[in-house]
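[1] model the structure of this input:
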Amino acid sequence: MDYLTKYTDRELVKLLQTGHDRAFDEIYNRYWGRLYFHAQRMLGDDEDCRDAVQEVFFTFWNRINHLSSETNISAYLHTMVRNRVLTIISRDKLKAEILGAFAESMDTESLPSDSKLTEKELIGLIDDEIRRMPEKMRQVFELSRNAHLSHKEIAQKMDVTNFTVKSQINNAIRRIKVRLGFK
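    Reported below is the predicted structural model:
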């Protein structure tokens, strides 16, 4: 595999697209540390950074056949990490807002002494509501939040309009808020 270190990124992409799976290992080894450092500068949390980079490589693997051999892999992967980090920040902000509103709406005497328990219960309620969503709404929401696809990518993948995607995501968020007792 050492011979792959001499290949350019573009050559590795071509190899990978023709089924040479070890080319992925070379790209992974070449960029993992840089991408982790990139995520670390924005997030600070080691676990979130590792997760972000792993998800980026997972997405990269799944999209490899859709890439042009002329794609600048470094820029592509760094952009994916930036976008994933922004999604994590947005998710954490939404969780913090929901948890804050949840805590405000509860009688302080009824709160358990272990705030982790409250957070776990809340996340359980959110996950339960996601499972209860109509199939298409759940798919759109999960493609947006878990697969980190843009509205346009989801619309293309599901053969619906961008408006439908936006509407489904807004409805999904509204359902979650209602389930948690917010308006």
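
[2] pLDDT weak spots in the chain?
    1, 92-119, 182-183 (pLDDT under 70).

[3] can you list the domains in it?
    Following automatic domain parsing, one finds the domains of the chain at 1-105, 111-183.

[4] can I get those in JSON lines with mean neighbour count?
    Backbone N, C-alpha and C define where each C-beta goes, glycine included. Putting the domains of the chain into JSON lines (neighbours: other CB atoms under 10 Å) gives the following:
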{"stretch": "domain 1-105", "mean neighbour count": "15"}
{"stretch": "domain 111-183", "mean neighbour count": "14"}
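
[5] ramachandran angles for the closest residue to K166 other than its chain neighbours?
    In space, and not counting its chain neighbours, K166 is closest to H151: 5.8 Å by CB to CB, 6 or more residues apart in numbering. Note on H151: its backbone torsions stand at phi -60, psi -40 [degrees, to the nearest 10].

[6] looks like H151 contacts Q168 (just checking).
    No. The pair H151 / Q168 is not scored as a contact, 9.8 Å apart, by CB atoms under 8 Å.

[7] between the two, what contacts are shared?
    Both H151 and Q168 lack any common contact, where contact means CB atoms under 8 Å, 6 or more residues apart in numbering.

[8] now what about the host helix or strand of C49, what contacts it?
    C49 belongs to helix 46-63 when assigned by DSSP states H and E. The contact list for helix 46-63, computed with CB under 8 Å, 6+ apart, reads 24, 27-28, 32, 35-36, 39-40, 43, 76-77, 80-81, 84-85, 88, 147-148.

[9] repeat that for stretch 153-171.
    136-137, 139-141, 143-144, 149, 151-152.

[10] which residues does E142 contact?
    The contact partners of E142, by CB under 8 Å, 6+ apart, come to I130.

[11] I'd like the distance from the host helix or strand of it to the chain centre, please.
    Using DSSP H and E, E142 falls within helix 135-145. Relative to the chain's own centre, helix 135-145 is displaced by 13 Å; criterion: CA atoms, centre = their mean, to the nearest Å.

[12] over to stretch 128-142?
    For stretch 128-142 - counting by CA atoms, centre = their mean - the centre lies 16 Å from the chain centre.

[13] same check, this time on stretch 6-26
    For stretch 6-26, the distance to the chain centre is 25 Å (CA atoms, centre = their mean).

[14] could you do stretch 54-70 as well?
    For stretch 54-70, the distance to the chain centre is 14 Å (CA atoms, centre = their mean).
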